[in-house]
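structural data only, the sequence is not supplied:
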């Protein structure tokens with residue numbers, strides 16, 4: 001698996017469509033760093049890709065980076081792999097921040113679950129790209145029934 005070193009992280013190619021991001025310890029990610037990562041993705045991928053953000057170290061995002069985390073047109077999904085409950089709570093808050101560009105992201109405790117979800121998201125993105133017929137504004141939009149619980153953004157940990 002080829003690995004590339006950026007100024008604040010390592011990016012490891014897991015397969016042709018998935019990059020693993022491992023951010024260095026004690027870093028505060030800023031918008032310049034986010035732009036560096038997005039530029040790397042744009043240069044390496046001609047179509048949709050996915051990111052596995054492996055939270056092995058302690059780091060944070062400054063406010064501008066929090067707002068621009070979802071700004072890459074090529075990243076169709078991000079799975080955040082956490083190893084501690086506290087990290088899951090922090091990322092849950094980060095995910096819920098309002099932003100201009102929607103962010104398809106979920107938090108996982110298990111690597112295999114994260115990779116399975118990323119592959120599903122890549123397949124769905126591929127299907128969406130193949131659909132070329134224009135959508136009529138008069139078409140029925142299905143919405144969940146009122147009172148339905150919102151889907152969880154965090155995989156529930158399993159006890160062993």
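Cool, got the structure. Predicted, not measured: the structure shown is a model, and the values here were computed from it.

how far is stretch 29-46 from where the chain is centred?
Centroid separation for stretch 29-46 versus its chain: 13 Å, with C-alpha atoms, centre = their mean, to the nearest Å.

quick one, what contacts the spatially most central residue of the chain?
Among the residues of the chain, the one closest to the centroid is residue 78, at 1.5 Å (C-alpha atoms, centre = their mean). Counting by C-beta atoms under 8 Å, 6 or more residues apart in numbering, residue 78 touches 50, 51, 52, 53, 69, 103, 104, 105. Using the backbone N, CA and C atoms, a C-beta is placed for each residue, glycine as well.

same question, residue 67
97, 99, 100.

just to revisit the earlier point, then the residue nearest to the centre of the chain would be within a helix, right?
No: under DSSP: H, G, I helix; E, B strand; the rest coil, residue 78 falls outside any helix and is assigned strand.

specify the beta-bridge partners of it.
Judged by DSSP bridges, the bridge partners of residue 78 are residue 51, residue 105.

quick check: residue 97 touching residue 65?
No: using C-beta atoms under 8 Å, residue 97 is not in contact with residue 65; the gap is 11.0 Å.

and those two? Which one has more around it.
When residue 97 and residue 65 are compared for neighbours, residue 65 comes out ahead with 19 against 13, by other C-beta atoms under 10 Å.

helices of the chain, start to end?
With DSSP state H as the criterion, the chain has helices at 31-44, 63-68, 85-96, 111-130.
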